[in-house]
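[1] This is a predicted model, with the sequence first.
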Number of protein chains: 2
Amino acid sequence: MIQEIKNNYKNLFEDELLEEINQVGTFKEVPEGFELIKPGSYIKSMPLIISGAIKILREDNDGDELLLYFLERGDTCAMTLSCCLGHHKSEIKAIAETDAKLIMVPIEKMEEWTTKYKSWRNFVFDSYHKRLIEAIETIDSIAFLKMDDRLLKYLKDKTKVNQDNIINNTHQEIAYDLHTSRVVISRLLKKLEQEGNVKLNRNNIEVIHI
Amino acid sequence: MIQEIKNNYKNLFEDELLEEINQVGTFKEVPEGFELIKPGSYIKSMPLIISGAIKILREDNDGDELLLYFLERGDTCAMTLSCCLGHHKSEIKAIAETDAKLIMVPIEKMEEWTTKYKSWRNFVFDSYHKRLIEAIETIDSIAFLKMDDRLLKYLKDKTKVNQDNIINNTHQEIAYDLHTSRVVISRLLKKLEQEGNVKLNRNNIEVIHI
DNA sequence: AGTGTTATGTAACAAATGTTACTGCATCCC
DNA sequence: GGGATGCAGTAACATTTGTTACATAACACT
């Protein structure tokens, strides 16, 4: 495992911390679609992402969903962090967007490292900063953009985290992420196709201008 | 100043830290409507709120606004924190919602205290956590609620931070905060009045069921 | 090939929100 | 008093988004 950690985190963490992570962390490989965190559950370990992407969703009381943001290599889940440190319940849902490799670190180590390693503190602060910015960008999208631009932004974000400008999702799946209806997505996708932004096929969408 | 600090932060910070804050911090009193942070500006000190309330807004490129959340006594601005620690530009705008008293702490001390005081670290982590939760609650409102419920929630939040169920704002001001138009707010307020939730007067709105 | 299932396309309509325009009413200032 | 100004009420209409219903196309399985 140590090599995986070093490849991805050696410029972030000092050797001693890398060694500790190697000793207490457990390597985990999850397939696309795997549910990593359920809303309302307590969390016993936090993930460091080695490869792949995780999507973080918000769910309301009626079970309606909304995509908050994606996590990628070198990221960690700020909500998990704050849940661990503050001993709160999870407020979000996490699903593997692609096959992913993670290192799970037990929460007991978190506070200890916060005191012990400056690089860990900075990593944690930086994660919070990034997630706050991303949450605010999500607010920007919902508040200031119309659905067609939100959709285009969503498609572009997807091509980025999947490193593939073919998106293998149904219109219904996209509708869930954007919290709207399938018909609306079909309608707008057709418009985007006519404008030359995407090419539509069954079960997949090709994004033209990335 | 030391007394003001102690009154508001003594259960959070150890005496030694309180003493440091007293030495390096500057006391600041601002009137309602005062602009504390402009978007795009660099920040040289962070505020600890002693009394009053601050509203945090997001502004898009066209100058359109949206209320993110309020800060109250014992709070600090997480965006300021992360701007200071990460040396980024401000992503938000901060306006005094009421007359407010603050202690401004120079940013150089922030990192130092992060290493030195456990209580400061916890305060910073906790601030991030709260703000992330509030940003996500704002997302909930925009994504899952219709404008009438958003408006009612807004009015209730306002009565809470102002500790007064009379709201002294014009419909236009409310429209800016919720990023909609004055006519929409007037229409919905009238509906809320008919439903018995508010009582409308000139320049002020009385919230009935808090 | 035949059948059932799923994904997509589309029309027609409903509801929510945004826009424009105009009115009346306080308040302020002279 | 009389005019200017800012705020609120409301109608009429446009646009965006949501909903229902149905048709067609692709695919999966036998």
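    Done, it's in. Since this is a predicted model, take the numbers as computed values, not measurements.

[2] where along chain A do the strands fall?
    Along chain A, counting by DSSP state E, strands occupy A:26-30, A:35-37, A:45-51, A:54-59, A:65-71, A:93-96, A:100-106, A:166-167, A:198-201, A:204-207.

[3] Just send those strands back as CSV, with mean neighbour count too.
    C-beta: built from backbone N, CA, C; applies to glycine. Formatted as CSV, the strands of chain A follow (neighbours: other Cβ atoms under 10 Å in any protein chain shown):
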stretch, mean neighbour count
strand A:26-30, 14
strand A:35-37, 17
strand A:45-51, 21
strand A:54-59, 21
strand A:65-71, 22
strand A:93-96, 20
strand A:100-106, 20
strand A:166-167, 16
strand A:198-201, 15
strand A:204-207, 18
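
[4] Go through the ones you listed and name the closest to A:Tyr176.
    strand A:65-71 (5.3 Å; Cβ to Cβ).

[5] helices and strands around the closest one, which ones?
    When contacts are defined as 3 or more Cβ pairs under 8 Å, 6 or more residues apart in numbering or on different chains; DSSP states H and E, strand A:65-71 packs onto strand A:54-59, helix A:118-144, helix A:147-162, helix A:171-178, helix B:118-144.

[6] what is the orientation angle of it with helix A:147-162?
    Relative orientation of strand A:65-71 versus helix A:147-162 (axes from the mean of the first three to the mean of the last three Cα atoms, to 10 degrees): 40 degrees.

[7] strands paired with strand A:65-71, and their directions?
    Strand A:65-71 has its sheet partners listed here by DSSP bridges as strand A:54-59 (antiparallel).

[8] From A:Arg150, how far off is A:Leu185?
    Just so we're on the same page, residue A:185 is Ile rather than Leu. 11 Å (Cβ to Cβ, to the nearest Å).

[9] between the helices and strands packed on strand A:65-71, which one is nearest to DNA strand C?
    Distance to DNA strand C, taken as Cβ to the nearest atom of the strand, is lowest for helix A:171-178 among the helices and strands packed on strand A:65-71, at 3.8 Å.

[10] Also compute the angle for the closest one relative to strand A:65-71, please.
    Using the same axes, to 10 degrees: helix A:171-178 against strand A:65-71 is 80 degrees.

[11] So A:Arg73 sits against A:Ser51, correct?
    Yes - under the criterion of Cβ atoms under 8 Å, A:Arg73 makes contact with A:Ser51 at 5.8 Å.

[12] Can you report how many residues lie near the residue nearest to A:Glu16 when sequence neighbours are not counted?
    Once flanking residues are discounted, A:Glu16 sits nearest to A:Tyr117: 7.6 Å by Cβ to Cβ, 6 or more residues apart in numbering or on different chains. Using other Cβ atoms under 10 Å in any protein chain shown, A:Tyr117 has 17 neighbouring residues.

[13] What distance do you get for A:Tyr117 to A:Ile56?
    25 Å.

[14] for A:Ile136, same thing?
    Distance from A:Ile136 to A:Ile56, by Cβ to Cβ: 14 Å.

[15] Helix or strand with the lowest mean pLDDT in chain A?
    helix A:78-86 (a mean of 72; mean pLDDT, DSSP states H and E).

[16] Hmm, A:Asp157 is touching A:Phe70, no?
    Yes - the pair A:Asp157 / A:Phe70 is scored as a contact, 6.6 Å apart, by Cβ under 8 Å.

[17] check contacts around the residue in chain A positioned nearest to DNA strand C.
    Closest approach between chain A and DNA strand C, counting by Cβ to the nearest atom of the strand: A:Thr170, at 3.3 Å. By Cβ atoms under 8 Å, 6 or more residues apart in numbering or on different chains, the contact set of A:Thr170 is A:Asn203.

[18] any low-confidence regions in chain A?
    For chain A, the stretches with pLDDT under 70 are A:1, A:83-89, A:210.

[19] quick one on the thing from earlier: in a markdown table, list the helices and strands packed on strand A:65-71 along with distance to B:Asp64.
    Shown next, in a markdown table, are these (distance: least, Cβ to Cβ, whole Å):
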| stretch | distance to B:Asp64 |
| --- | --- |
| strand A:54-59 | 23 |
| helix A:118-144 | 6 |
| helix A:147-162 | 14 |
| helix A:171-178 | 21 |
| helix B:118-144 | 13 |
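
[20] among these, which is nearest B:Gly40?
    When those are compared (using Cβ to Cβ), the closest one is helix A:118-144, at 14.3 Å.

[21] and that closest one, is it in reach of chain B?
    Yes - counting by Cβ under 8 Å from any Cβ of the partner chain, chain B has neighbours in helix A:118-144: A:118, A:121-122, A:124-126, A:128-129, A:131-133, A:135-136, A:138-140, A:142-144.
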